[in-house]
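**Q** Structure for the following, please:
(one chain, ligands or ions: 1)
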Amino acid sequence: MANVRVKICGITRVEDALAAAAAGADAIGLVFYARSPRAVSAAQARQIVAALPPFVTTVGLFVDASPCEIEETLDAVPLDLLQFHGDETPAQCARYRRPYIKALRMREDIDLAAIAGDYAGARGLLLDTYVAGVPGGTGQAFDWTRVPQEPSLPLIVAGGLDADNVATAIAASRPYGVDVSGGVEQAKGIKDAAEIARFVAAVRGAAVA
Ligand SMILES: O=C(O)c1ccccc1NCC(=O)[C@H](O)[C@H](O)COP(=O)(O)O
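**A** Numbering: from 1, shown residues only. Next up, the predicted model:
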């Protein structure tokens, strides 16, 4: 299996972004959703992005944001990839002419093959745990054996991952990438550098097994 990519999501501080980069994370996620305890302002995000070394992908996460809000953020912050984490349609995701991934919550009745067809313009799909009324960052895992093999788009597994369970998640789902937020935190929005390092090391160890 090729190296599994790692995204550390919900970064709110420069020092946490640098810890993710130093640990070898491939991407960091910045949450532009005011109701999240991990929300960042455009000014905060710009400072974080400016501090990063090269080759760390910056992902901007939105939840049913207005086009105006997204355009303003894109003007202010140099983001590499957009992550749509709400009920955005394929057309709404595509309108910014930026590479994007679409987050899907793993309801029992989800038809992933059909949805992947609908979002064929996405660079990948992020599969997160379904919890009613909570768009993301739940800290809860879903059944990783539900992740389809040979998907039409790269799949990123999220939800309740941490350094102790991520190798099992990878073995069960064989994803393109994994995404973590709460599992590497001291408190919501405050990452733990040692846990980030432990998480990335666990992914790297799992990927070569
Ligand atoms: O992290 C949040 O607070 C959040 C709020 C609203 C929508 C999405 C959010 N996070 C999205 C992510 O990509 C998380 O990393 C993903 O949901 C996994 O979170 P966790 O279970 O805490 O690892």
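**Q** lowest-pLDDT helix or strand in this protein?
**A** Within the chain, confidence by mean pLDDT, DSSP states H and E is lowest for helix 193-208 among all helices and strands, at a mean of 92.
**Q** Now that one: buried residues?
**A** The neighbour-count check on helix 193-208 (16 or more other C-beta atoms under 10 Å) flags 193, 195-200, 202-203, 206-207 as buried. In short, each C-beta sits where N, CA and C put it, glycine included.
**Q** cool, stretch 121-141 as well?
**A** Applying 16+ other C-beta under 10 Å to stretch 121-141 flags 122-130, 135-139, 141 as buried.
**Q** how about CSV for the buried residues of helix 193-208, with distance to the ligand added?
**A** Shown next, in CSV, are these (distance: C-beta to the nearest ligand atom, whole Å):
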residue, distance to the ligand
Ala193, 17
Glu195, 11
Ile196, 12
Ala197, 16
Arg198, 14
Phe199, 10
Val200, 14
Ala202, 14
Val203, 13
Ala206, 17
Ala207, 19
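**Q** residue ranges with poor pLDDT in this structure?
**A** Scanning the chain for pLDDT under 70 picks out 1, 207-209.
**Q** Show me the residue sitting in the middle of it in space.
**A** By C-alpha atoms, centre = their mean, the chain has its centre lying nearest to Asp179, at 4.8 Å.
**Q** Who does that residue form a beta bridge with?
**A** Beta-bridge partners recorded for Asp179 (DSSP bridges): Lys7, Ala158.
**Q** residue contacts, it?
**A** Asp179 makes contacts with 6-7, 9, 29, 126, 128, 156-158, 161, as judged by C-beta atoms under 8 Å, 6 or more residues apart in numbering.
**Q** Quick check on these: which are buried?
**A** Taking 16+ other C-beta under 10 Å as the criterion, what is buried in those is 6-7, 9, 29, 126, 128, 156-158, 161.
**Q** Quickly find the element holding the closest residue to Ser36 other than its chain neighbours.
**A** Excluding the flanking residues, the one nearest Ser36 by C-beta to C-beta, 6 or more residues apart in numbering is Gly137, at 6.4 Å. Here Gly137, judged by DSSP states H and E, is contained in no helix and no strand.
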